[in-house]
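Student: just need the structure, nothing else, for what follows:
(chains A and B)
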Amino acid sequence: MVTEYQTSNQHENSMRKTHLTLTVNGTIHTLASIPGETLADLLRKRLRLTGTKIGCNEAECGACTVILDGEPVLSCSTPAERADGKTVLTIEGLASLATRFSRLEGREQDASLPQGEGLSAALHPLQEAFIKHGAVQCGFCIPGQIMTAYGLLSRNPDPTSAEIRHALKDTICRCAGYPTIEKAILAAAHALRTGEPVAGPDVSPSAQQGQVVGHLHLRPDGVEKVTGQAIYTDDLVFENMLYAAVRRAGVPHAFVRRIEVSRARQMPGVAAVLTAEDIPGENLHGLVTRDWPVMVGVGERVRYVGDAIAIVAAESQEQARAAVEAIEVEFDLQPVISNPVQARQADVPQLHPKGNLLKHIKVRKGDPETGFREADVILEHTFHTPAHDHLFIEPECSIAVPEGERMLIYVGSQIPYQDRSQVARALGWEESRVRVVGQLMGGGFGGKEDIAGQIHAALLANATGRPVKLLFDRRESLLVHPKRHATQITVKIGAKKDGTLTAVRTELYGDTGAYASLGEKVLTRATTHSAGPYVIPHVHADCYAMYTNNPPAGAFRGFGVLQSAFAIESAMDMLAERLGLDPIELRRKNALRPDTETSTGQVLRESVGLMECIDKVSERMVQVSGLLRQALFKARRVPESPHLIRAWGFAVGFKNTGLGGGADDCAGAEVELYADGLFEVRSSSAELGQGLVTVMRLVVAEELSLPPEQVRVRVMDTDLTPNGGPTTASRQTYVTGNASRLAARTLREAITATLAEKYDQPPEAIRFEKGCVHVNGHALTMQEVYREMKAAGKEPRVLYDYHAPATTPLGTPGDMHVAFSFAAQAAEVEVNTLTGEVRVLRVIAANDVGHALNPLGLRGQIEGGVVMGVGHALLENFITENGYVVTDRMARYRVPSIVHTPEIIPIVVEDPVSTGPYGAKGVGEIVLIPTPPAITNAIYNAVGVRFDSLPVDQEKLLWELQKRAVALEL
Amino acid sequence: MSLWKEYLHPQTVEQAVQALSAAASPAIPIAGGTDLMLDLQQGNHPPVHTLVDLTGIPELRALEIRGEWLFIGAGVPHNRIVESPLAREHAASLVEACGLIGGPQVRNMATLGGNVAHALPAADGTIGLLALEAEAEIASPEGRRRVSLPALFRGPGQSTLAPTEIIVGFYLPLRAPGQGSAFVRVMRAQGIALPILNLAVWLERQEETIRAARVAVGPAGPTPFRAVQTSAYLTGKPFTAETIAGAQETLLAEARFRTSPARATAEYRRALAVVLLKNALTTAWQRAGQYPGSNQQ
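Tutor: Numbers count the residues shown, from 1 in each chain, chains lettered A, B, ... in the order given. From the prediction side, this is the model:
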């Protein structure tokens, strides 16, 4: 036995590796092997190659893709040991490979680049193509996209679009610039094969170009995002840093009977365990209503599974999680309220001191009963939409760093100043002692407006005096942060025979979940938009925003209007059929236009591009389909596959720009000229991938006649940047765009005045041109201008506080909003009548954005919005069962990938709003609002099945088809 | 606390089997690890002490003709199967199944042996292999043996392999003239997106008659399901609409389709089984009409 044992031991020793030797980006590393380590951890933590991202840690998203011995693999689920003796290429190493394609290196004056903006870094053609085509938005998935594409091109230098889609099918981009990613890969492949420069995108400039705005420009953060140099919060490491974990309730409704943390406190590596008792300041937080406990204490009520009970900081992530497991909690379970209709019933438990009703929201215009009496046809129908998760690829991460008397919070947040006040309140501090240092965000879409881990990290950092990182894993992200509101919406419409709408009455139930978050605001928007962008004499809308025991619901791109647009636009198609009218004509007949009045009584004086959107989409539908106008909405069998039936569907939408409703909608921006001749524009407004930083840069460059690269942008820091307000409500291009524009204009005037005096010239004689100032026959560089300003005792810096035009609250006369964006979309679907499967083939999307300041960024917003809309129509469903979350992994909450992406045909309509910067209004949300009803209307047109709840269920579709088997014999 | 304590790199099958017997327990083999790593990370697998990595064993990476058989090593990743001219020639249903699993990142790692050993009733690779009447070679401390594929499955997620055994590879009969196979599946896009149903067909035709057929479908029971009665029904019948209809009826009679919450009802699976059987039969029939060596993809 002894001999045998020794033999096996020797065998084992020869199989065991104490060290790993691997070549990473051309450098050989020999590292001690660490049991349990993944390749992603080795790269990110030990080699500090943080360009490789962790989005899900469950082999679903593809963000962690690296090349291992020539093949793309998911580093998050690859044991590090497996890389022993192998070669790894990460995003950081790709640029150095570009030197082997030296013809593409150092091309600072590349004629193919828009506006002469050089890419000074040496980049691989894939990296260059991703930047030039605008495929980079939030940037978090981009390393994975590029490495997956690199793997494809290594095997197949000349891929077709279908091959690209096959290769990228599991590499998820939630900004969803899939069409652009595909085009960028095609352009890079062509450049690699031919040695020609990387071709630029096929995107038209604005019809109203300025010197800078309205032209194609590159993102200021593009190069760092394609090279892996871009730093997101989890990429930061501080000396002496602790790692945090949160004990979640795990039950949807209960009272906490007992919390026992003594065992957790004794666990190895644990530095602090805190409960509600340990909060020095206020325990309640919240954006509008402070009803959300930082932690639920003994005797208090748990309202959803994600409620925090205790928090732990430890020397390692694993130790923190182990300690959380050791915390004992006893609950008195309570009956669960699982939907908003149930929440309003008389005899159910009341979840908050003021009851289950967060708000009853009312729209009152005219008298619907009068309108219904005048109607020839009355139609009534009830619709349902589910909760949705934002599924930004970057999970929430906060790092709190104590610094003297202050607390620094590193976080990607949509509202940095709100984070500051909420953290300060929980600590019981003056706000000025907290500084939020905003980080790049790997997507937000409204899901990073509320507090996630900011307060917990700060409490632990305060208790231990050490930096604390709190990173959510995907499951925690899905359980905890607010979702899109699930709704039930009943629409009653009255219309004359000719289609003229006489009255609309809507009743909405919105599930705001356990806490208010932005529920009141979201559901106000749902309510005010619930009759659609139509002229209707009589409108009543009632919305009940209800608390339940589901995860909270809050802001999500579309902000309630996505839900109400699905209801009203479905109902409009049902009405068109009932009246025997063309769906487009019914909408044209009733569409809002200048000098008409919305449901809330706002008279629209300008910038109502809805008719132009409708007309352009209907023309384009005829053009691309080759069908007669009257055949568009008819079912067509695919001749070679008669079980496939196609048709087009149509829908419109509108969405307010800005907060409105009487709020003081303001943003500060500061513009400063530095000694090196560069300008900086600053605001705390958030960049979550949507491209605000590009807009700020372009606006300042426009006002000061600068090349864009002469303008730096700094955002999201409560010490260094003025308050830009929340990044929500499609407001930032408008408010921060205006603030930046006016700050730059004021600085220009100050420079003009200083130089006019110095050179004794009339101000009109001083010209700004191409980054210089011309005065008296001299061209002063901006360095010289800086010196002139300083010499004159003037600070070359202007802070501008912009306030949007006043609005009035809902229920009072006047303008509720400063502007509306409008859209029309047509979707072509194909229904498989044997399986019930649905594919979206093409979407034509026209959006009235006022003025396309940043056409390349706008393209990304349009494509991403349509793809998200396809997801909401056909895939996405955040499922809860009696308060418990079923879709608690990325594998269970499906979002669209490149294979779900239709051909997207964008049409930009520019009907300017006089108060917007150069006429621009919001675009971030309108882009996805008409997509779901356009798709469900198309399904109805194809096979006669009306979906009144989302997402479209293929099994239900098949059963409905079987019932209609006879009718389908076309 | 870490996912494992020891990681071993055997170079031969014998070393691997030895390691599984002798290393600190629990010791389990890891191939591609694409499922195992997630199960460990998400706490769905009991804790392990030792991982025995099979991917460095050359024998497990072989893909070659061995006499009358095509041998595919258990450690061959899906992408290599998809790209292999030998597999495309002799194992169309397997190639189609492997091409549908995950994205390239997963297919580069995930192995055929892992797919089979995981013993899930609807594993794509397993269903593709089952219709080809593959045999598996098993290595244990006592030596090696060959078993038919169905003998490997005990229940959902449970194989008949002992803890000290590994799959070395699979032996697939070479394709003869008149033979062809096909694999098809349907996903559900909404909510929890998983394959709802997959189905593979192998058949041999003689002029207009089906000389022999094998149908596999999943999930249709606790283990990957061979539709024996359907296969028998098809044997000797002419390839006609009536035959297909009869096969569909037989399949519905013998397969036990279940309802999976948030995925599909049993009724929907029945409706799809009918569609998939017809599609796979038609494709396999066409392929059987082509000579081996001609492009069957």
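
Student: quick check: domain ranges of chain B?
Tutor: Domain assignment for chain B, taken from automatic domain parsing, gives B:6-53, B:60-173, B:179-288.

Student: dump those domains to JSON lines, plus mean neighbour count.
Tutor: Quick note: C-beta positions are derived from backbone N, CA and C, even for glycine. Formatted as JSON lines, the domains of chain B follow (neighbours: other C-beta atoms under 10 Å in any protein chain shown):
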{"stretch": "domain B:6-53", "mean neighbour count": "20"}
{"stretch": "domain B:60-173", "mean neighbour count": "21"}
{"stretch": "domain B:179-288", "mean neighbour count": "20"}
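
Student: which bits of the stretch 51-200 of chain B sit near chain A?
Tutor: Residues of the stretch 51-200 of chain B lying close to chain A by C-beta under 8 Å from any C-beta of the partner chain are B:51-53, B:55, B:79, B:102-106, B:108-109, B:186, B:188-193.

Student: if we go to 7 Å?
Tutor: B:53, B:55, B:102-106, B:108-109, B:186, B:188-193 (C-beta under 7 Å from any C-beta of the partner chain).

Student: just put the domains of chain B in CSV and tack on distance to residue A:557 and mean pLDDT.
Tutor: Shown next, in CSV, are these (distance: least, C-beta to C-beta, whole Å; pLDDT from 0 to 100):
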stretch, distance to residue A:557, mean pLDDT
domain B:6-53, 29, 95
domain B:60-173, 26, 97
domain B:179-288, 20, 94
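
Student: for the ones you listed, which one sits closest to residue A:54?
Tutor: domain B:6-53 (11.4 Å; C-beta to C-beta).

Student: need the phi and psi values for the residue nearest the centre of chain A.
Tutor: Closest to where the C-alpha atoms of chain A average out (C-alpha atoms, centre = their mean) is residue A:445, at 2.5 Å. In terms of degrees, to the nearest 10, the main-chain angles of residue A:445 are phi 60, psi 20.

Student: so the residue in the stretch 601-750 of chain A positioned nearest to chain B, which state does it fall into?
Tutor: Proximity of the stretch 601-750 of chain A to chain B (C-beta to the nearest C-beta) peaks at residue A:643, 8.7 Å away. With DSSP: H, G, I helix; E, B strand; the rest coil as the basis, the three-state label of residue A:643 is strand.

Student: residue ranges of the strands in the stretch 1-150 of chain B, please?
Tutor: For the stretch 1-150 of chain B, the strands defined by DSSP state E, counting those that start in this stretch cover B:6-8, B:27-30, B:50-53, B:63-66, B:69-73, B:135-140, B:143-148.

Student: can you redo the ones you listed as TSV with distance to residue A:241?
Tutor: Shown next, in TSV, are the strands of the stretch 1-150 of chain B (distance: least, C-beta to C-beta, whole Å):
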stretch	distance to residue A:241
strand B:6-8	28
strand B:27-30	32
strand B:50-53	30
strand B:63-66	48
strand B:69-73	45
strand B:135-140	47
strand B:143-148	52
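
Student: distance of the closest residue to chain A within the stretch 101-250 of chain B from residue B:133?
Tutor: Nearest residue of the stretch 101-250 of chain B to chain A: residue B:103, at 2.8 Å (C-beta to the nearest C-beta). Distance, residue B:103 to residue B:133, by C-beta to C-beta, to the nearest Å: 30 Å.

Student: same question, residue B:21
Tutor: 31 Å.

Student: repeat that for residue B:278.
Tutor: From residue B:278 across to residue B:133, the span is 22 Å (C-beta to C-beta).

Student: before we move on, what about residue A:349?
Tutor: To residue B:133, residue A:349 is 60 Å away according to C-beta to C-beta.

Student: cool, and residue A:563?
Tutor: Distance, residue A:563 to residue B:133, using C-beta to C-beta: 53 Å.

Student: kindly report the same for residue A:355.
Tutor: Applying C-beta to C-beta, the value for residue A:355 to residue B:133 is 66 Å.

Student: please apply the same query to residue A:659.
Tutor: Following C-beta to C-beta, the distance that separates residue A:659 from residue B:133 is 68 Å.

Student: so residue A:77 touches residue B:36, yeah?
Tutor: No: using C-beta atoms under 7 Å as the test, residue A:77 is too far from residue B:36 to be in contact (8.9 Å).

Student: how about the nearest residue to residue B:268, chain neighbours excluded?
Tutor: Spatial nearest neighbour of residue B:268, excluding adjacent residues (C-beta to C-beta, 6 or more residues apart in numbering or on different chains): residue A:955 at 4.4 Å.

Student: so what sits opposite the nearest residue to residue B:150 once chain neighbours are set aside in the bridge?
Tutor: Excluding the flanking residues, the one nearest residue B:150 by C-beta to C-beta, 6+ apart is residue B:226, at 6.1 Å. Beta-bridge pairing of residue B:226, defined through DSSP bridges, involves residue B:216.

Student: now do the same contact list for residue B:226.
Tutor: Residue B:226 makes contacts with B:130, B:150, B:216, as judged by C-beta atoms under 7 Å, 6 or more residues apart in numbering or on different chains.

Student: okay, the second one and residue A:555: tell me how far apart.
Tutor: Using C-beta to C-beta, we find residue B:150 at a distance of 53 Å from residue A:555.

Student: no more questions from me, cheers.
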